[in-house]
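> with the input below, show me the fold.
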Amino acid sequence: MINIKTEKEIEIMREGGRILAKVLKEIEKMAHPGITTLELDRAAEALILGLGAKPAFKGYENFPYSLCTSVNDVIVHGFPSNYKLKDGDIVGLDLGVLYKGYNTDMAVTVAVGTISYEVKRLLTVAKKSLRMGIKKARAGVTTGDIGNTIQRYIEDQGYGVVRNLCGHGIGKEVHEDPQVPNYGQRHKGVELKEGMVICIEPMITIGDYNLKKSKDGYGFVTSDGSLSAHFEHTIAITKDGSEILTI
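Numbering: from 1, shown residues only. Presented below is the predicted three-dimensional model:
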């Protein structure tokens, strides 16, 4: 069932989104060579609690951390650990906040130290595909319209679009209906309506878009070991288009 949010509910999610964006911005700054991903997780949790919110992911489906840290070929849901980030790594930082009973979700993939032109281009394309998906989102379009827009751009740039994972609705639960794939056909899927709140989150790969479970049982890695990138925002569908709540 798709939950249409009231203006009051969206305002709460807007407040939570601001907290989330502020925290993630600080964690991005910390992602330097030598720091462990577990240290990033602990910092994220402390910042969230200090701002009067709670980590949305901790305990969700038994996930034991607050922050997902996905390094290099890990697409999403990577476990924080004692791994020390190295120069040339990229790390996906996926974080959720629970504030006054409502969740928001956001992700960025950041460079650690100096990265190659090829990897910079991967991040640029992934980030732009998210902007394009958000621009497409408005009342009357479908989830297929959004997915088709993202897919065509990413594949035109020579990258793979992950198909086994997708965006989603969000609100009182971290994952709600509808699913928001990053590929698809125009005019197919669920029609967006004013008051819906969804997460759009392109996941792209340099190589094969197929994936497999990582050794920890939670994360997903590319089947061929190629690098991947992931960006995400929580957005509300408005009468005028869409609004990014996680800024």
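> list the contacts for the residue lying closest to Gly160 once chain neighbours are set aside?
Spatially, and ignoring its direct neighbours in sequence, Gly160 is nearest to Tyr209 (3.2 Å; CB to CB, 6 or more residues apart in numbering). Quick note: C-beta positions are derived from backbone N, CA and C, even for glycine. Neighbouring residues of Tyr209 by CB atoms under 8 Å, 6 or more residues apart in numbering: 160-163, 222.
> helix, strand or coil: sort out Tyr209 for me.
Counting by DSSP: H, G, I helix; E, B strand; the rest coil, the backbone at Tyr209 sits in coil.
> related to what we said a few turns ago, name the nearest of the contacts of Tyr209 relative to Gly88.
Distances from Gly88 to those, taken as CB to CB, are shortest for Thr222 (17.2 Å).
> can you confirm Ala46 is in a helix?
Yes - the assignment for Ala46 by three-state DSSP puts it in a helix.
> centre of the chain to the helix-or-strand element of the chain with minimal mean pLDDT, how far?
Least confident helix or strand of the chain, by mean pLDDT, DSSP states H and E, is strand 211-213 with a mean of 94. Chain-centre distance of strand 211-213: 18 Å, with CA atoms, centre = their mean, to the nearest Å.
> same question for stretch 218-227.
With CA atoms, centre = their mean, you get 16 Å for stretch 218-227.
> over to stretch 18-36?
With CA atoms, centre = their mean, you get 15 Å for stretch 18-36.
> now do stretch 235-247
Counting by CA atoms, centre = their mean, stretch 235-247 comes out at 16 Å from the chain centroid.
> quick check: the closest residue in space to Glu9 that isn't next to it in sequence vs Ala56, distance?
Leaving out its chain neighbours, the residue that sits closest to Glu9 by CB to CB, 6+ apart is Tyr102, at 6.5 Å. Look at Tyr102 and Ala56: by CB to CB, to the nearest Å, they are 9 Å apart.
> ok, Ile4 next?
Distance of Ile4 to Ala56, given as CB to CB: 21 Å.
> of these two, who's got more company?
Ala56 (24 against 12; other CB atoms under 10 Å).
> name the nearest residue to that one, ignoring sequence neighbours.
In space, Ala56 is closest to Gly96, 3.1 Å off (CB to CB, 6+ apart).
> tell me which element that neighbour is part of?
Per DSSP states H and E: Gly96 is located in strand 90-99.
> before we move on, what about Leu123?
helix 117-136.
> whichever helix or strand comes after that helix vs helix 117-136, what angle?
Scanning forward in sequence from helix 117-136 by DSSP H and E, the next helix or strand is helix 143-156. Angle of helix 143-156 versus helix 117-136, following axes from the mean of the first three to the mean of the last three CA atoms, to 10 degrees, is 160 degrees.
> now the helices for this protein?
7-30, 37-50, 117-136, 143-156 (DSSP state H).
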